[in-house]
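Asker: model this:
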Amino acid sequence: MAQPWKTIESISTGEGALELRQRSERDFIITIGSQVLMNSLANRSEVALGELGCRHLEGAKNPRVLVGGLGMGFTLKAVLDTLPEAAQVVVAELNPTVREWCMGPLAVLTDNAVNDPRVTVEIGDVAHRIRRSAVDGGESRFDAIVLDLYRGPHAKTHHSDDPLYGSRAIDNMRAALKPCGAVAVWGEQYDEGFDKRLKSAGFTVTTDRPGRGGLRHVVFLAQLKQSKKSGKHAS
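Answerer: Numbers count the residues shown, from 1 in each chain. Next comes the predicted model:
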């Protein structure tokens, strides 16, 4: 018989109560309202996201990577496992409580990845962070952008104005990348419109559904094959 869930912490948000629950040493869920956002025992797509997004950086000297969304830290751990010791990883996370959870009760799941010396956690909107790098250019750009947000691209995403997955946001991501950089995005389902917008922006796009059974989420991998001559973007 399964153990009952114990609520570790609950905080109020505009979308309902954000809660961390536990029922055994490594069995956690994060919920918001009545929706389960993350499950510590179902993380294969998050691990694949981090690995695929940084695969092109194996052997790089000092790559810079932006991770959007901390969650339980599985994507961050996969990113770190792929990168060299001289890498720099910036994590943009909206909620400081999530960072505290990853440094506290969830740390056992990822060998305390959030405290890795390569990691800097910035509390804020990843879309704003991307725009800032797009405007600043130069050394503020990234070799990879990995988006692990609980709402991925979907059919109702506004094709132009969506702050994360619309065409303007994609232009900003392109401008925030170094030459031959890559964007990896988690999605609950495959979205043809998002795929087409990435290709229209000059990316080569592949998709992957990790695993062989059960619920299989989607990883979009979009890579720049050559440097773009376009100017700065800041929509």
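
Asker: So the closest residue to residue 150 other than its chain neighbours: helix, strand or coil?
Answerer: Spatial nearest neighbour of residue 150, chain neighbours left out: residue 37 (4.6 Å); criterion: C-beta to C-beta, 6 or more residues apart in numbering. Quick note: C-beta positions are derived from backbone N, CA and C, even for glycine. Under DSSP: H, G, I helix; E, B strand; the rest coil, residue 37 falls in the strand class.

Asker: How about residue 132?
Answerer: helix.

Asker: ok, the closest residue in space to it that isn't next to it in sequence - how many residues close by?
Answerer: Leaving aside its sequence neighbours, residue 132 sits nearest to residue 140 (C-beta to C-beta, 6+ apart; 7.2 Å). For residue 140, the count of nearby residues is 14 (other C-beta atoms under 10 Å).

Asker: Check residue 204 too.
Answerer: 12.

Asker: same question, residue 32
Answerer: Neighbour tally, residue 32, other C-beta under 10 Å: 16.

Asker: In contact with residue 8, which residues?
Answerer: 19, 20, 21, 22, 101, 105 (C-beta atoms under 8 Å, 6 or more residues apart in numbering).

Asker: Give me the contacts around the longest strand along the chain.
Answerer: The residue-count maximum for a strand in the chain (DSSP state E) belongs to strand 177-187. With contacts defined as C-beta under 8 Å, 6+ apart, strand 177-187 is touched by 45-46, 49-50, 52-54, 56, 64, 75, 141-149, 152-154, 165, 173, 194, 198, 203, 217-227.

Asker: coming back round to it: would you write out the ChimeraX command that picks the buried residues out of the contacts of residue 8?
Answerer: With 16 or more other C-beta atoms under 10 Å as the criterion, this ChimeraX line picks the buried residues out of the contacts of residue 8:
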select :19,20,21,22,101
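
Asker: Any chance of the contacts of residue 8 in a markdown table with secondary structure and distance to residue 32 as columns?
Answerer: As requested, the contacts of residue 8 are arranged in a markdown table below (DSSP: H, G, I helix; E, B strand; the rest coil; distance: C-beta to C-beta, whole Å):
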| residue | secondary structure | distance to residue 32 |
| --- | --- | --- |
| 19 | strand | 8 |
| 20 | strand | 11 |
| 21 | strand | 12 |
| 22 | strand | 16 |
| 101 | helix | 13 |
| 105 | coil | 18 |
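
Asker: Nearest to residue 81 among the contacts of residue 8?
Answerer: Residue 81 has its nearest neighbour among those in residue 101, at 20.7 Å by C-beta to C-beta.

Asker: The nearest residue to that closest one once chain neighbours are set aside pairs with what?
Answerer: In space, and not counting its chain neighbours, residue 101 is closest to residue 20: 5.3 Å by C-beta to C-beta, 6+ apart. Under DSSP bridges, the beta-bridge partners of residue 20 are residue 9, residue 30.

Asker: So in the chain, where's the weakest helix or strand by average pLDDT?
Answerer: The weakest-scoring helix or strand in the chain, judged by mean pLDDT, DSSP states H and E, is strand 35-39 (a mean of 93).

Asker: Beyond that strand, next helix or strand please.
Answerer: Downstream of strand 35-39, the first helix or strand assigned by DSSP states H and E is helix 44-54.

Asker: what about that next one, distance to the chain center?
Answerer: With C-alpha atoms, centre = their mean, to the nearest Å as the basis, helix 44-54 stands 9 Å off its chain's centre.
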